[in-house]
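1. Show me how the following folds:
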Amino acid sequence: MSKNHQKTINEVVKLSGVGLHNGLNVNLTIRPAEENFGIKFCRTDVDKENLIEASYQNVIEPVLCTKIKNDNGTTVSTVEHLMAAFFGEGIDNALVEIDASEVPILDGSASEFVDEIRSADIKEQKELKKFIKVLKKVEIREEEKYISIEPLENDLIIDFEIVYSNPLIRTRRQKFKLSDGDLTNIYNSRTFCLYEDIDFIKSQGLAKGGSLENAIVVKGEEILNDEGLRNRHEFVNHKILDCLGDLMLSGYRISGHVKTSQGGHALTNKLLVKFFSDKSNWSLESGNIVEKNNQIKESVKKTLTATI
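-> Got it, this is the predicted structure:
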């Protein structure tokens, strides 16, 4: 299978679960889509104007999740984990049907989305992939919070730092590189919260569907989940997962270097808005960023071999 051509799924995927924030049971169906369709959500419980494009331009109220809205006011929230799965698995085109206003949280990670996408097989299409190439550095600063994106040839790097006063989480930093290929620890990292924040979060009408089945809860130096952590960098890896999904709302994979400290959904969206507001910041290229990276490495290897 060529990595340079657009891809969709070959078979229909169906998932059911509960919304993390609204607490409602929800059924989700992912259907194959034609070339250049992109990723779109369809609210099947809404009669008219129920199609929502997965775009950074449609993001509203990015607090504790990413919510998108169409011009008619129809919304879908908590799209980030599914969007990260599409990014990582190279899915360019898909229609996501959903019968409620929030994507199911499942186990709090992207693992089940990825497993189902892979089981449906991935279909190669005729049109070439497209990706965003970063041409100039763009940054956003809000007091101690910071995010930037700068040029990087044929790859995506996310360098993420989290800073918590909690003695278990503390300050952690992790770097993700798309060309490394293994996204297992990104995919399986779950959302998390501090025990002392739960009452406040619920007072805001959020986390109605939250439980130890779909989120890590940290109380002091203790993890309340029997399973413990799935990987030693799970806290920051989940933030990278969120960032990956939010970046996919650009409509394409991005070739660039993202650096952030204490970032989140709102900051990433502000970065995308600023980045795309100036056409001199970026260009739309054909092909696959990782494939191009591999081609360059192979060319360099052949050159060195010939020289030796």
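2. in terms of contact, does E53 touch C42 like I think?
-> No. Using CB atoms under 8 Å, E53 is not in contact with C42, being 10.7 Å away. C-betas here are computed from N, CA, C, even on glycine.
3. Pick out whichever of the two has more residues nearby.
-> C42 (18 against 14; other CB atoms under 10 Å).
4. what about the nearest residue to the more buried one once chain neighbours are set aside, which SS state?
-> Distances taken as CB to CB, 6 or more residues apart in numbering place E97 nearest to C42, at 4.8 Å, with adjacent residues excluded. With DSSP: H, G, I helix; E, B strand; the rest coil as the basis, the three-state label of E97 is strand.
5. which residues does E97 contact?
-> Applying CB atoms under 8 Å, 6 or more residues apart in numbering to E97 gives the contacts 28-31, 41-42, 44.
6. quick one: contacts for A215?
-> 20, 105, 108, 190-193, 207.
7. How about Y187?
-> Y187 makes contact with 84-85, 88, 109-111, 114, 241, according to CB under 8 Å, 6+ apart.
8. May I see the domains of the protein written out as residue ranges?
-> 5-129, 132-289 (automatic domain parsing).
9. my read: N4 touches G287, true?
-> Yes. N4 lies in contact with G287 (CB under 8 Å); the separation is 5.2 Å.
10. more neighbours, those two?
-> Between N4 and G287, G287 has the larger neighbour count (other CB under 10 Å), namely 17 against 13.
11. if I pick that one, what's in contact with it?
-> Contacts of G287 by CB under 8 Å, 6+ apart are 4, 128-129, 131.
12. Repeat the analysis, applying 6 Å as the threshold.
-> N4 (CB atoms under 6 Å, 6 or more residues apart in numbering).
13. D242 too?
-> E80.
14. switch to 8 Å and redo it
-> Counting by CB under 8 Å, 6+ apart, D242 has contacts 66, 80-81, 84, 264-265, 268.
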